[in-house]
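Trainee: Model the structure of this input:
(chains A and B)
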Amino acid sequence: MDYLSKLEQQSIYIMREAFNKFENMAMLWSIGKDSTVLLWLARKAFFGHVPFPLVHVDTTYKIPSMIEYRDRLCAEWKLELVVGKNEEVLKSGITFPNGKATRVECCGTLKKDGLKAVLEKHNFTGVIVGVRRDEEPTRAKERYFSPRDKNMEWNVEDQPPELWDQFKTDFEKGTHIRIHPLLHWTELNVWEYIERENIPIIPLYFANADGMRYRSLGCAPCTGAIKSNAKNVREIIEELRHTKTPERAGRAQDKESEDAFEKLRRDGYM
Amino acid sequence: MNQIPTEQLKIVIVGHVDHGKSTFVGRLFHDTGSLPEGKLEQLQRIAERRGVPFEWANLMDALQSERDQNITIDTAQIWFSTKKRQYVIIDAPGHKEFLKNMVTGAANAEAALLLIDANEGVQEQSRRHGYLLNLLGIKQIAVLVNKMDLKGYSQETYQEIEAEYRKFLKSVGVEPMQFIPIAAKHGDNIAEKSANMPWWDGPTVIEMLDRFQVGAAPSHQSLRMPIQDVYRFDERRILAGRVESGAIKVGDRLVFAPSGKTSTVKTIERWNSPSKDSASAGESIGITLSEQIFVERGAIAALESDPPFELTRFKARVFWLGRAPFKKGKSYRLKLTTQEVECEIEQIDRVIDSSTLETLSRKDEKEIFVGRNEVAELTIRTKRPVAFDIHSEIVATGRFVIVDGLEVSGGGIVAFDRYPKRSADGSHRSDNLYWSHGKVTAEHRARRNGHPARIIWLTGLSGAGKSTIATELERELFNMGKQAYVLDGDNIRHGLCSDLAFTAQDRKENIRRVGELAKLFVDAGIICITAFISPYRADRDLVREMAPDGQFMEVFVNAPLEVCEQRDVKGLYAKARAQEVKEFTGISAPYEAPEKPELELRTDQLTIAESVAKILEFLHLQDEETEISI
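Mentor: Residues are numbered from 1 along each chain as shown, chains lettered A, B, ... in the order given. Model prediction:
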């Protein structure tokens, strides 16, 4: 079995475990490449079906074409979509783009608290998330099944052992488990798989006429494009095979302080 | 353009705390050109500014987490490539406190590098990690004797350490593929042969890494496909699971352990993949069956000719990570593939200090338990039969974890033993259980008694005539010289089942116990007659399943409810109508009539003598030879 198939088969196994163990489960879909690959893997795992709702936390600052792409796939693939918004904070206007919050505070309220509200409202106890270990250092410590406490906090100092594909599936009421089926993939693997499976990916990842492309997608005000001439999946793969720049280099909130991202993650960010 | 490495190998770096794991990984990354742009220069500048010497270990910490020291306690994974392939490096913590993280890291690896400080020699965690690697099933191990610079690159020191550690590893069944002397700090024997150790003619670390094999899925072993789930998203009923070993193809006759049900593979299901009529180890697939049978998560599909063991008891080697000790008399949950079953320790043979291999002795016999970070050899007993294999034969179905409360608290492997196997034709169900067999067989007893053993299971409403028929049948058989005995509902509930009420659950347990008891009578060669309402079909079927094939006879003692109520020998119907008796079968609790009983007796139309005669006729007992000695 080739290495992409190995990664794929492992992810399918994890998704099926999760689907069996959590009665009320959802999958986060950020519209980015990773969670779209995840969506594809769900259809593989469940023979063409996606038997749980997708949650999209909408900060209203997403790049507009992301929403169009989202709605198109939802219709084509018959997906059940739950959109979460932190209406209160959006109404109050205390956001980074308004100059009333730092980037990290803004991520905290619009994304993290927005997610928390959706989980509580729908009583989701299992949430599939497309994070990968190679993305950044705190994610390198993650488990496939990773518990979050009542306040959504991640206790990185005391994580459950995880061996032989036996996962943490028992948890106290009020807590939830994040499931990470893509944890063992690298950014390059994700693109190689997109190429192999011919998965439709939002074109923001491809270089525009000015030689710029997004390598990682987020909110418009905090996501920078990188210089690149990669106009299609193949060229992205070639580019990644030679780059030594980290993937999230374009994500401004990570750099607000030295441990910004780590703090966000401990508090329950994806 | 570079040749693209397509293979991926996961290696774990283990060893005693401070024996140089982080330094080694930092150097490995540097020497293979795997560092992010500017990282090395950045850290060198920081060190210079702070006036401290640059440490390769800082590089590793920086790759893991920028600031927080606490976070380095957990296992992290990072990637790098050689010309041959891509590596996932799993950096496992070396402190005893974080053994569960070391286990998490190592359990996911295909090969291990074990570091020993040449200056300190073999230490506690060097031994413990060596022992655990073996228990975790990692066969490819290389030992790096590090910090050779501190010992003047002495060949003698290296050889002493190699001899000592090799001896230890051998005693726990580990055969390392290679020892290499290195000085990670200076890059000696990492990517380049060391000029400081001209006496070394073995491989560098990079050469060694490339010699490790990527684990091939065990597709030539016996088929084992644990069922994860059963899907009905559309008109198909798909059994989903991963082929853990062996291969499966359309047309294969499967047995599902431990239920023993059989069927044939109709299709192999995949989505958006080339259609293929077979699948082999490592593939997460779905199957549909030709004959519809009830299968659920936990069943292990195997070829009918080659099933796993199905027992309630097995020997194991376990390691314990839980805060509370693993002890006798407490109930735990065993997870083996997708099976989950309640279990407890039946017997602890010995508890071992994995760093010294000494058997731990506790002050008091009653104090025997497996403490945190200890390993043990013991026997586990499960509440229901569990399907498994011996770990040294099939890995995936030969290992398990133990859940204490909500937490995965330990893991283990099934040790070798002479486990009895289910016979290929699926008969003799009692053989499925671990059972201490005497020298007198069922056949011997049947010949001595002059008749085979039977369970004659009378079921029907209260007042239908079960007990009357049972006692009369017993008398008749006795007079014929047959060994017979009646188990009566009321009598059993006074003793064996006095702790049970009449809820559906307790009724089920009542019947299960009676079934077990009847099975023992059958094993003793006796015709066992039972007289229980036994209102639930599933419960009766359970007993049928328990009994040896062909020896269970279900007799439906059938009289209409009105007739029974009219008889009301014990006055119970009146009480039930008055709601003085709750959950009374036929009035306030259901009775599920048998669908295919061996015999039906309409007791509103038959006399007692006629009913007994019909049973005797069905039993078709002949006088057989009774003179026998063994």
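Trainee: Specify the beta-bridge partners of the residue of the stretch 101-250 of chain A found nearest chain B.
Mentor: Residue of the stretch 101-250 of chain A nearest chain B, by Cβ to the nearest Cβ: residue A:163 (3.5 Å). In this view, the C-beta of every residue, glycine as well, is placed from N, C-alpha and C. Taking DSSP bridges as the rule, residue A:163 bridges to residue A:166.
Trainee: give me every residue that touches it.
Mentor: B:103, B:104, B:107, B:108, B:136, B:401, B:408, B:411 (Cβ atoms under 8 Å, 6 or more residues apart in numbering or on different chains).
Trainee: Of the residues you listed, which are in range of chain A?
Mentor: Among those, the ones lying near chain A by Cβ under 8 Å from any Cβ of the partner chain are B:103, B:104, B:107, B:108, B:136, B:401, B:408, B:411.
Trainee: so, if you compare the residues you listed, which one comes nearest to residue A:132?
Mentor: Distance to residue A:132 across those (Cβ to Cβ) is lowest for residue B:108, with 15.0 Å.
Trainee: Tell me how far that closest one lies from residue B:217.
Mentor: 15 Å (Cβ to Cβ, to the nearest Å).
Trainee: Kindly report the same for residue B:518.
Mentor: Counting by Cβ to Cβ - residue B:518 and residue B:217 are separated by 45 Å.
Trainee: Which one's more surrounded, these two?
Mentor: For residue B:518 versus residue B:217, neighbours defined as other Cβ atoms under 10 Å in any protein chain shown are more numerous around residue B:518 (26 against 20).
Trainee: Contact partners for that one?
Mentor: Per Cβ under 8 Å, 6+ apart, neighbours of residue B:518: B:455, B:457, B:487, B:528, B:530, B:543, B:547.
Trainee: Surely it is in a helix?
Mentor: Yes - counting by DSSP: H, G, I helix; E, B strand; the rest coil, residue B:518 falls inside a helix.
Trainee: Next to chain B, which bits of the stretch 1-150 of chain A? Give me the list.
Mentor: Counting by Cβ under 8 Å from any Cβ, the residues of the stretch 1-150 of chain A near chain B are A:1-3, A:6, A:9, A:12-13, A:16-17, A:19-20, A:43-49, A:51, A:133-134, A:137-138, A:140-141, A:143.
Trainee: Produce a ChimeraX select command limited to the buried residues of these.
Mentor: Typed into ChimeraX, the line below selects the buried ones among these, using 16 or more other Cβ atoms under 10 Å in any protein chain shown:
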select /A:3,6,9,12,13,16,17,19,20,44,45,46,47,133,134,137,138,140,141,143
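Trainee: Let me know how buried residue B:361 is, in neighbour terms.
Mentor: Neighbours of residue B:361 using other Cβ under 10 Å come to 9.
Trainee: actually residue A:65, not the one I typed
Mentor: So residue A:65, with other Cβ under 10 Å, has 12 neighbours.
Trainee: Quick check: the gap between it and residue A:72.
Mentor: In terms of Cβ to Cβ, residue A:65 sits 10 Å off from residue A:72.
Trainee: for residue B:250, same thing?
Mentor: Applying Cβ to Cβ to residue B:250 and residue A:72 gives a distance of 38 Å.
Trainee: So for those two, which sits in the more crowded spot?
Mentor: residue B:250 (16 against 12).
Trainee: give me every residue that touches the more buried one.
Mentor: Contacts of residue B:250 by Cβ under 8 Å, 6+ apart are B:265, B:266, B:267, B:268, B:277, B:278.
Trainee: Same question for residue B:396.
Mentor: Contact analysis of residue B:396 by Cβ under 8 Å, 6+ apart lists A:164, B:218, B:224, B:226, B:244, B:245, B:337.
Trainee: tell me the SS of residue B:513?
Mentor: When the rule is three-state DSSP, residue B:513 gets the label helix.
Trainee: What distance do you get for it to chain A?
Mentor: Between residue B:513 and chain A the computed distance is 29 Å (Cβ to the nearest Cβ, to the nearest Å).
Trainee: Please name the residues that touch that residue.
Mentor: By Cβ under 8 Å, 6+ apart, the neighbours of residue B:513 are B:492, B:496, B:497.
Trainee: at 7 Å instead, please
Mentor: B:496, B:497 (Cβ atoms under 7 Å, 6 or more residues apart in numbering or on different chains).
Trainee: With the one 3 residues further on instead?
Mentor: When the contact criterion is Cβ under 7 Å, 6+ apart, the partners of residue B:516 are residue B:546.
Trainee: quick one: residue B:513 from residue B:224, how far?
Mentor: Distance of residue B:513 to residue B:224, given as Cβ to Cβ: 33 Å.
Trainee: what's the neighbour count on the residue in chain B that chain A sits nearest to?
Mentor: With Cβ to the nearest Cβ, the shortest gap between chain B and chain A falls at residue B:107, namely 3.5 Å. Neighbour count for residue B:107, taken as other Cβ under 10 Å: 25.
Trainee: before we move on, what about the one 10 residues further on?
Mentor: Per other Cβ under 10 Å, the neighbour tally for residue B:117 reads 22.
Trainee: and it, what are its bridge partners?
Mentor: residue B:146.
Trainee: from memory it sits against residue B:20, does it?
Mentor: Yes - if you go by Cβ atoms under 7 Å, residue B:117 and residue B:20 touch, sitting 6.4 Å apart.
Trainee: and the nearest residue to residue B:184 once chain neighbours are set aside, what is it in contact with?
Mentor: Spatial nearest neighbour of residue B:184, chain neighbours left out: residue B:24 (3.9 Å); criterion: Cβ to Cβ, 6 or more residues apart in numbering or on different chains. With contacts defined as Cβ under 7 Å, 6+ apart, the neighbours of residue B:24 are B:13, B:115, B:146, B:184.
Trainee: pretty sure residue B:24 belongs to a strand, no?
Mentor: No - Residue B:24 is assigned helix when assessed by three-state DSSP, not a strand.
Trainee: Distance check, it against residue B:138.
Mentor: Taking Cβ to Cβ, one finds residue B:24 at 18 Å from residue B:138.
Trainee: again with residue A:35
Mentor: Residue A:35 is 33 Å from residue B:138, by Cβ to Cβ.
Trainee: check contacts around residue A:195.
Mentor: A:233, A:234, A:237.
Trainee: again with residue B:528
Mentor: Residue B:528 sits next to B:454, B:455, B:485, B:487, B:518, B:521, B:522 when contact means Cβ under 7 Å, 6+ apart.
Trainee: Which of the residues you listed fall within strands?
Mentor: Residues of those located in strands (DSSP state E): B:454, B:455, B:485, B:487.
Trainee: and residue 122, what are its phi and psi?
Mentor: This is for chain A. Residue A:122 adopts backbone torsions of phi -100, psi 0, taken as degrees, to the nearest 10.
Trainee: what about it, neighbour count?
Mentor: Neighbour tally, residue A:122, other Cβ under 10 Å: 14.
Trainee: What pLDDT is listed against it?
Mentor: On pLDDT, residue A:122 comes in at 90.
Trainee: what separates the spatially most central residue of chain B from residue B:319, distance-wise?
Mentor: Nearest to the mean C-alpha position of chain B, counting by Cα atoms, centre = their mean, stands residue B:336 at 2.9 Å. Taking Cβ to Cβ as the measure, residue B:336 falls 16 Å from residue B:319.
Trainee: Could you list the low-pLDDT ranges of the stretch 401-550 of chain B?
Mentor: For the stretch 401-550 of chain B, applying pLDDT under 70 flags the ranges B:422-437.
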